[in-house]
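Enquirer: Turn this into a model:
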Amino acid sequence: VAHGFTVETITDERVFLRLQAEWDDALERARIPYPFLSHDWMRTWWESFGAGTQLHLVVVRAGGQIVAIAPLLLERARMYGMPVRRLRLLQNDHSPRADFIVADYAAQSYGAIWTALYHERHNWDILLLSQLPPETATVRFVTSLAAADGCATGLWRSGSSPYLSITRTEADYFAGLSAKFRQNLRNRMTRLTRVGEPALEIVSDSAIQEAVDDAIRLEESGWKRDEGTAISTDPAIRQFYIRLAERMAERG
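Expert: Sure, this is the predicted structure:
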């Protein structure tokens with residue numbers, strides 16, 4: 001307990017599962033706009049990819065209510081040829097974004113998380129926070145707190161997905177493309193329509209299994225199957241997407 005805050009480190013999966021309602025309430029209050037930190041996503045990720053690691057969730061409460069969560073795991077790994085005990089976020093290539101969940105009292109919450117981690121520093125060598133979104137405050141707070149305790153820190157940019165900002169209407173955007181580019185789009189749409197009318201289908205009922213199977217077959221139909229990176233080539237990845245689809249469908 002520090003300044004009215006309590007901090008708990010959770011390593012028991014059963015306790016993690018019981019946190020769902022409180023977890024998602026904190027996520028909503030943190031106004032995180034993507035699904036990769038929801039309890040369903042985290043639970044499914046852990047079940048699929050957590051083998052051989054130790055759950056290490058740091059939960060901060062104020063007045064009994066969760067105000068922050070650091071969803072971490074502890075593992076043994078090699079970095080730059082050296083064996084290390086590494087704390088890292090519950091994240092891999094199938095989680096485009098990862099972060100701490102901080103709903104309230106940002107400075108105090110980050111301070112409480114770092115204090116808990118620092119007090120356990122004899123159990124780990126590296127804290128690795130990957131795929132943090134550019135708008136996060138985590139980098140600023142953790143870097144400052146770690147430096148104040150004499151810890152070395154480093155920052156590097158990971159692969160970023162390119163995007164195009166569109167400030168006007170869709171029609172305005174297409175009108176601004178070259179005539180050749182617009183003609184190529186029309187030709188492709190014509191060929192696609194010969195196969196069938198393109199349409200968006202949202203599946204969230206008992207047909208979800210069939211829909212996921214279709215998506216997996218589509219995903220492997222290009223180069224990914226030959227390169228061994230398709231979802232279907234790894235049972236853990238396939239399990240992740242099937243369970244995730246089922247749980248998200250249950251939520252509508």
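Enquirer: Next up, the contacts around the spatially most distant residue from the centre of the chain.
Expert: The centre of the chain is farthest from one residue, Ala179, which by CA atoms, centre = their mean lies 39.5 Å away. Ala179 makes no contacts at all, as judged by CB atoms under 8 Å, 6 or more residues apart in numbering. Where C-beta positions appear, they are placed from N, C-alpha and C, glycine not excepted.
Enquirer: Tell me, what's the model's pLDDT at it?
Expert: As predicted, Ala179 sits at a pLDDT of 95.
Enquirer: same thing with Val1?
Expert: The model's pLDDT for Val1 equals 52.
Enquirer: Which strand or helix spans Ala236?
Expert: Per DSSP states H and E: Ala236 is located in helix 235-250.
Enquirer: Could you name the helices and strands sitting against that helix?
Expert: Judged by 3 or more CB pairs under 8 Å, 6 or more residues apart in numbering; DSSP states H and E, the packing partners of helix 235-250 are helix 39-49, helix 208-220.
Enquirer: got the angle between that helix and helix 208-220?
Expert: Calculated by axes from the mean of the first three to the mean of the last three CA atoms, to 10 degrees, helix 235-250 forms an angle of 130 degrees with helix 208-220.
Enquirer: residues of stretch 210-221 that come out buried?
Expert: Neighbour counts over stretch 210-221 (16 or more other CB atoms under 10 Å) mark Ala211, Val212, Ile216, Glu220 as buried.
Enquirer: Oops, could you answer that again for stretch 35-48 instead?
Expert: Across stretch 35-48, burial judged by 16+ other CB under 10 Å covers 36-48.
Enquirer: Looking at these, which one is closest to Ile66?
Expert: Closest to Ile66 out of the buried residues of stretch 35-48 is His39 (11.4 Å), distances taken as CB to CB.
Enquirer: returning to what we had before: may I have the helix holding Ala236 exported as PDB, CA atoms only?
Expert: Only the C-alpha atoms of helix 235-250 are listed here, as PDB (Å, rounded to 0.1, in the frame of the first residue of the first chain):
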ATOM      1  CA  PRO A 235      -1.700 -25.200 -34.300                       C
ATOM      2  CA  ALA A 236      -1.200 -22.500 -31.700                       C
ATOM      3  CA  ILE A 237      -2.000 -19.700 -34.100                       C
ATOM      4  CA  ARG A 238      -5.000 -21.500 -35.500                       C
ATOM      5  CA  GLN A 239      -6.300 -22.100 -32.000                       C
ATOM      6  CA  PHE A 240      -5.800 -18.400 -31.200                       C
ATOM      7  CA  TYR A 241      -7.900 -17.200 -34.100                       C
ATOM      8  CA  ILE A 242     -10.700 -19.800 -33.700                       C
ATOM      9  CA  ARG A 243     -11.100 -19.200 -29.900                       C
ATOM     10  CA  LEU A 244     -10.800 -15.400 -30.400                       C
ATOM     11  CA  ALA A 245     -13.600 -15.500 -33.100                       C
ATOM     12  CA  GLU A 246     -15.800 -17.500 -30.900                       C
ATOM     13  CA  ARG A 247     -15.400 -15.300 -27.900                       C
ATOM     14  CA  MET A 248     -15.800 -12.100 -29.900                       C
ATOM     15  CA  ALA A 249     -19.000 -13.500 -31.500                       C
ATOM     16  CA  GLU A 250     -20.400 -14.200 -28.000                       C
END
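Enquirer: That one - what's its average pLDDT?
Expert: Helix 235-250 comes out at a mean pLDDT of 92.
Enquirer: end-to-end on stretch 161-180?
Expert: By CA to CA, to the nearest Å, the extent of stretch 161-180 from end to end equals 26 Å.
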